[in-house]
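Chemist: Sequence below, structure please.
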Amino acid sequence: MSTPTSTHGTREVHDGRTFVEFTRTFRAPIEDVWAAVTESDRLARWIGDWTGDPADGEVQFRMGFEGEDAAPERMQIDECEAPRLLRLTSTVLTDDAEPQVWSFRLDLTEEAGVTTLVFAQDVPDPALAEGVGPGWHYYLDRLVAAETGGDPATVVWDDYYPALTAHYRSVFA
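Modeler: Next comes the predicted model:
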């Protein structure tokens, strides 16, 4: 195992809420990176897929690499300004009475043929950062592999978790 060399997530505040935020860059047009994070078949290469009609304001998203029993989650599309901005709210039903609700922010910019993706997920409880941080670090590195001609399967979960839990715990302490 080796520690990932990509940029770690940081703690950021947006609209009064705390997020773990990641930046990834691609030598690709913004429309191509947008497609990689919004089109179901492109998402399936690195994280999962969705069904439904985005025009209805929501889709059902299923994580493809979390085991066969990963339940689909409702993704509400709160704001979409293709190809630059996407705001989502995920609702996951749990065995508890309270569903898990997460907010996501995706912002894309392009300059001189390089597109920057800033991805963030809210972390309402600092204790959750030690799982959320390594998880998104892993999946975003899979995205980079998929979009740069690499094989996302070469990105190994054990290199991220529990290896990065202390980093994300300290960032959110």
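
Chemist: ok, now which ones touch the most centrally placed residue in the chain?
Modeler: Residue closest to the average C-alpha location in the chain (Cα atoms, centre = their mean): residue 136, at 5.2 Å. With contact set as Cβ atoms under 8 Å, 6 or more residues apart in numbering, residue 136 has these partners: 9, 20, 22, 119, 121. In this view, the C-beta of every residue, glycine as well, is placed from N, C-alpha and C.

Chemist: same deal with residue 109?
Modeler: Residues near residue 109 by Cβ under 8 Å, 6+ apart: 30, 84, 115-116.

Chemist: Give me the pLDDT for it.
Modeler: In this model, residue 109 is scored at 98, pLDDT.

Chemist: partners of it in the sheet?
Modeler: Taking DSSP bridges, one obtains residue 116 as the residues bridged to residue 109.

Chemist: mind starting the numbering at 41 from now?
Modeler: Done: numbering now begins at 41, and the last item shifts to residue 149.

Chemist: What residues are bridge-paired with the closest residue to residue 93 other than its chain neighbours?
Modeler: Closest residue in space to residue 93, ignoring its immediate chain neighbours: residue 99 at 7.4 Å, by Cβ to Cβ, 6 or more residues apart in numbering. On the basis of DSSP bridges, residue 99 is bridged to residue 115.

Chemist: can you list contacts of stretch 204-213?
Modeler: Contacts to stretch 204-213, defined as Cβ under 8 Å, 6+ apart, come from residues 43-44, 48-51, 58, 60, 163, 166, 169-174, 177.

Chemist: Hmm, I typed the wrong one, I wanted stretch 183-197.
Modeler: Identification of contacts with stretch 183-197 by Cβ under 8 Å, 6+ apart yields 41, 46, 64, 66, 68, 72-73, 76-77, 82, 85-87, 178, 181-182.

Chemist: So which of the contacts of residue 176 wins on neighbours?
Modeler: Counting neighbours by other Cβ atoms under 10 Å, residue 49 comes out on top of the contacts of residue 176 with 28 neighbours.

Chemist: can I assume it is in contact with residue 175?
Modeler: No: taking contacts as Cβ atoms under 8 Å, residue 49 lies outside contact range of residue 175: 10.0 Å.

Chemist: Which stretches in this protein count as strands?
Modeler: Ranges of strands within the chain are 50-54, 57-66, 88-91, 98-103, 113-121, 125-132, 140-151, 154-162, based on DSSP state E.
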